[in-house]
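> only the shape, not the letters, is given here:
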């Protein structure tokens, strides 16, 4: 019992550190993370933080995994409740856009991380790349199902449509976050409607 | 004569430093720039570099201006030789895509800079934001001319079309540079054709 309690307490502390690290990374980037900065934010000792991760790299990877787990929970999972085909695809893109709208305030690890790690190699980049590819594949599969179900034209190339949707997401983030445009979300939604009107039967 | 020669030599040295700084910033970001790092790259003394800029901020602003001047020279100016309307718009987007293809190797200051400065204020951000807005306005004007000339449908909203084109550019950069996709340029070109087929009369 005692051991289980200790394990549970350790997990709880680790989760709290990852949570603080994720918030910090969203603001200053994954590369800004350090055991020292986190110790300060969580009001723990450096050795206390270090005991849970062992290295800065391990901490960064935990943050990427946590970011992805939340993204999946908030964006992907609710769409699975919606009938497959076009309804699910639309729900998925709606959720993704909501997530981006939220991240215009807080920062998006998939976008800032890509810039930070685009010319690097190593396990942090691998974790980030893997998460993003998994997510883009999930969207692509949703598009493919909508084609199979006859909701989108048979000639639709899911990879092409995925690319065009990804562009809308990146543009809304760029124009809202950096250029402070207040109309970018509206434009992304019109852009998605435009895409649908081309690919729909 | 002697004074002119000195001015010219000083300008030449300053231009050489900005050139080195631009290459460095493309790799490591504007925030990675320092008088010290530049002194090392250019094999000058720190005080020598400092004499030309006075501050790191002034150096960063000079780099943004130089980046924009080259972008304008390579992407915008050649398109002005092409008849206005749709031909010029297509030339502009072609040149922009060529620029992005090139920058998948070297790095794009407009994209990495936006991530670095999205939650900051100050003269470096202002210079970057101003450059990007000027460029996007130029593209928007080209779209508006194509509408005026009857090459694109009268219902075309230049800001909406601009947003969708910007998305394709951001997606090709993201997918080629971070995800190492070899097909992203092809997809951006198909995406632009798709846009044209919607907006063309």
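Now that the structure is in, tell me what you want to look at. Remember, predicted model here, so these are calculated numbers, not experimental data.
> please name the nearest non-neighbouring residue to the residue in chain A that chain B sits nearest to.
At 3.0 Å from chain B, residue A:167 is the closest residue in chain A, using C-beta to the nearest C-beta. C-beta: built from backbone N, CA, C; applies to glycine. Leaving out its chain neighbours, the residue that sits closest to residue A:167 by C-beta to C-beta, 6 or more residues apart in numbering or on different chains is residue B:167, at 3.0 Å.
> before we move on, what about residue A:52?
With C-beta to C-beta, 6+ apart as the measure, residue A:14 is the residue that lies nearest to residue A:52, at 4.7 Å, once sequence neighbours are left out.
> quick check: pLDDT value at the residue of chain A closest to chain B.
The confidence metric pLDDT takes the value 98 at residue A:167.
> that one: neighbour count?
Summarising burial for residue A:167: neighbours were counted as other C-beta atoms under 10 Å in any protein chain shown, giving 28.
> what about it, which helix or strand?
With the criterion set as DSSP states H and E, the secondary-structure element containing residue A:167 is helix A:158-173.
> for that helix, name the packing helices and strands.
Helix A:158-173 sits against helix A:86-106, helix A:123-148, helix A:184-199, helix B:158-173, helix B:184-199, with contacts defined as 3 or more C-beta pairs under 8 Å, 6 or more residues apart in numbering or on different chains; DSSP states H and E.
> can I get the ones you listed in TSV including distance to residue A:163?
Below are those laid out as TSV (distance: least, C-beta to C-beta, whole Å):
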stretch	distance to residue A:163
helix A:86-106	14
helix A:123-148	9
helix A:184-199	11
helix B:158-173	6
helix B:184-199	4
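> most packed of the ones you listed?
Neighbour counts (mean count of other C-beta atoms under 10 Å in any protein chain shown) averaged over each of those peak at helix B:158-173, with a mean of 24.
> report the angle between that one and helix A:158-173.
Note on geometry: by axes from the mean of the first three to the mean of the last three C-alpha atoms, to 10 degrees, helix B:158-173 and helix A:158-173 are set 120 degrees apart in direction.
> and chain A, which residues reach chain B?
A:27, A:29, A:107, A:111-112, A:114-119, A:129, A:132-133, A:159-160, A:163-164, A:166-171, A:174-175, A:177-179, A:183-184, A:187-188, A:190-191, A:194, A:197-198 (C-beta under 8 Å from any C-beta of the partner chain).
> ok, now which ones touch the closest residue to residue A:149 other than its chain neighbours?
Nearest-residue entry for residue A:149: residue A:85, 3.8 Å, with adjacent residues in sequence omitted and distances by C-beta to C-beta, 6+ apart. Contact analysis of residue A:85 by C-beta atoms under 8 Å, 6 or more residues apart in numbering or on different chains lists A:145-146, A:148-149, A:151.
> mind checking which helix or strand of chain A has the lowest mean pLDDT?
Among the secondary structure pieces of chain A, namely its helices and strands, helix A:2-28 has the lowest mean (mean pLDDT, DSSP states H and E), a mean of 85.
> give me the residues contacting the next helix or strand after that helix.
Toward the C-terminal end, the helix or strand that comes next after helix A:2-28 (DSSP H and E) is helix A:35-42. Applying C-beta under 8 Å, 6+ apart, the external contacts of helix A:35-42 come out as A:16-17, A:20-21, A:24, A:44-46, A:48-50, A:53, A:56, A:59.
> quick one: helix A:35-42 to helix A:2-28, angle?
Using the same axes, to 10 degrees: helix A:35-42 against helix A:2-28 is 100 degrees.
> helices or strands up against the next helix or strand after helix A:35-42?
Moving toward the C-terminus from helix A:35-42, the first helix or strand encountered (DSSP H and E) is helix A:46-53. Secondary-structure packing of helix A:46-53 (3+ C-beta pairs under 8 Å, 6+ apart): helix A:2-28, helix A:35-42, helix A:56-71.
> re earlier: tell me the buried residues in the least confident helix or strand of chain A?
Counting neighbours by 16 or more other C-beta atoms under 10 Å in any protein chain shown, one finds that the buried residues in helix A:2-28 are A:13, A:17-18, A:20-22, A:24-26.
> got it, and stretch A:65-82?
Along stretch A:65-82, the positions that meet the burial threshold by neighbour count (16+ other C-beta under 10 Å) are A:65-68, A:71, A:75-76, A:79, A:82.
> without its sequence neighbours, what residue ends up closest to residue A:136?
Distances taken as C-beta to C-beta, 6+ apart place residue A:162 nearest to residue A:136, at 6.2 Å, with adjacent residues excluded.
> okay, now the unreliable bits of chain A?
When the per-residue scores of chain A are filtered using pLDDT under 70, the ranges that remain are A:1-3.
> at 50 what do you get?
By pLDDT under 50, the weakly predicted segments of chain A are A:1.
> residue A:150: what secondary structure?
Three states are possible here, and by DSSP: H, G, I helix; E, B strand; the rest coil the one that applies to residue A:150 is coil.
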